[in-house]
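**Student:** this is a predicted model, with the sequence first.
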Amino acid sequence: MIRFKIKEVISEREFLSGKRITQDEISQSTGIHRTTLSKISGQRGYNTTTDNIDKLCRYLGCKVEDLMQYIPDEDILGISGQ
């Protein structure tokens, strides 16, 4: 499963800049609908387009690997690798 770490990246940017970043601000700057942003950041297993990932990387000044992490299903389900 791919895990999106958008909340973590936003939090880090807020800390470094000293200002709050809202989903509305991101939506207006990237053209990604606010509902889509909510789903990407909060819905487990949400599937989005590479275009949205590109826009988020550009806006947040980060790399793809900063926004996304692969987690094997076994780790999510708590199944041992036996």
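**Tutor:** Cool, the structure landed.
**Student:** just give me the neighbour total for residue 60.
**Tutor:** 19 (other Cβ atoms under 10 Å). Every C-beta, even on glycine, is put in place using the N, C-alpha and C of the backbone.
**Student:** ok, and the closest non-adjacent residue to it?
**Tutor:** With Cβ to Cβ, 6 or more residues apart in numbering as the measure, residue 9 is the residue that lies nearest to residue 60, at 5.4 Å, once sequence neighbours are left out.
**Student:** ok, the one you found to residue 69 distance?
**Tutor:** Spatial separation of residue 9 from residue 69 under the definition Cβ to Cβ, to the nearest Å is 11 Å.
**Student:** and for residue 61?
**Tutor:** Remark: distance between residue 61 and residue 69 (Cβ to Cβ) = 18 Å.
**Student:** looking at these two, which one has more neighbours?
**Tutor:** In terms of neighbours (other Cβ under 10 Å), residue 69 is the more surrounded of residue 61 and residue 69; the figures are 12 against 9.
**Student:** and that one, that one's in a strand?
**Tutor:** Yes - inclusion of residue 69 in a strand is indicated when DSSP: H, G, I helix; E, B strand; the rest coil is applied.
**Student:** what residues sit buried inside stretch 7-23?
**Tutor:** For stretch 7-23, burial by neighbour count (16 or more other Cβ atoms under 10 Å) applies to 9, 10, 21, 23.
**Student:** low-confidence ranges in the chain?
**Tutor:** Under the criterion pLDDT under 70, the flagged ranges of the chain are 77-82.
**Student:** and the helices in it?
**Tutor:** 6-17, 23-30, 34-42, 50-60, 64-67, 73-77 (DSSP state H).
**Student:** and the longest one, what other elements does it pack with?
**Tutor:** It stands for helix 6-17. Judged by 3 or more Cβ pairs under 8 Å, 6 or more residues apart in numbering; DSSP states H and E, helix 6-17 is in contact with helix 34-42, helix 50-60, helix 64-67.
**Student:** what's the closest of these to residue 76?
**Tutor:** Closest approach to residue 76 among these (Cβ to Cβ): helix 34-42, 16.1 Å.
**Student:** who touches that closest one?
**Tutor:** Contacting residues not belonging to helix 34-42 are listed as 4, 6, 7, 23, 24, 26, 27, 46, 48, 52, 56 [Cβ atoms under 8 Å, 6 or more residues apart in numbering].
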